[in-house]
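Engineer: Below is the sequence, then the predicted model.
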Amino acid sequence: ETENHFDYDGSSAVLVLLKGVVPIQYQGVQYNIPMTFWITKDYPLTAPLAYVTPDRSMQINRSHSHVAADGKVFLPYYDQWNPSRSSLQGAIEACAVEFGLNPPVHSRRSTPPPPPPPLPAGPRAAQPRP
């Protein structure tokens, strides 16, 4: 699919957008990290743009060294992009390796539900008048 991508400098462009999950292994358990990859107009000369896109049950780990608060991924693989040896598959695999060591999302802490409202007072028995 194609969609408008807005860059940090305010510019925008219609780019190809790939949505899906990147499976990772973290402490022996498989997790699926929701991600989007924007294919730039200069691809394959330039790296795709990668974003972690958590669903409602997840939030981005704010202290992650390779993922910004908006989900944008910053990995050496992207910085060292070389069109003759880099690929979209390699970019996805770089995410899987890094995120397997340090997942970029975690479950939102659920807050306990608020206590139920007090029950309405029932009809009071008529009090005899003095």
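Structural biologist: Received it, and whenever you're ready, just let me know what you need.

Engineer: Give me the residues contacting the biggest helix by length in the chain.
Structural biologist: Counting residues, the longest helix in the chain under DSSP state H turns out to be helix 88-101. Helix 88-101 has contacts (C-beta atoms under 8 Å, 6 or more residues apart in numbering) with 18, 22-26, 33, 35, 37, 39, 43, 47-48, 50, 66, 73, 75-78. In short, each C-beta sits where N, CA and C put it, glycine included.

Engineer: Quick one: buried ones out of those residues?
Structural biologist: Neighbour counting with 16 or more other C-beta atoms under 10 Å marks 22, 24, 33, 35, 37, 39, 43, 47-48, 50, 66, 73, 75, 77-78 as buried within those.

Engineer: could I get the stretch of helix or strand G20 belongs to in PDB with only the CA atoms?
Structural biologist: Using DSSP states H and E, G20 sits in strand 12-26. What follows is strand 12-26 as a C-alpha-only set of coordinates in PDB (Å, rounded to 0.1, in the frame of the first residue of the first chain):
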ATOM      1  CA  SER A  12       6.000  14.600   3.200                       C
ATOM      2  CA  ALA A  13       6.100  12.100   0.300                       C
ATOM      3  CA  VAL A  14       3.900   9.200  -0.800                       C
ATOM      4  CA  LEU A  15       5.800   6.100  -0.100                       C
ATOM      5  CA  VAL A  16       5.300   2.300  -0.200                       C
ATOM      6  CA  LEU A  17       4.400   1.100   3.300                       C
ATOM      7  CA  LEU A  18       4.900  -2.500   4.500                       C
ATOM      8  CA  LYS A  19       3.100  -3.500   7.700                       C
ATOM      9  CA  GLY A  20       3.600  -6.600   9.700                       C
ATOM     10  CA  VAL A  21       5.300  -8.200  12.600                       C
ATOM     11  CA  VAL A  22       8.900  -9.100  13.100                       C
ATOM     12  CA  PRO A  23       9.200 -12.300  15.200                       C
ATOM     13  CA  ILE A  24      11.900 -12.200  17.900                       C
ATOM     14  CA  GLN A  25      13.200 -14.700  20.500                       C
ATOM     15  CA  TYR A  26      13.500 -13.100  23.900                       C
END
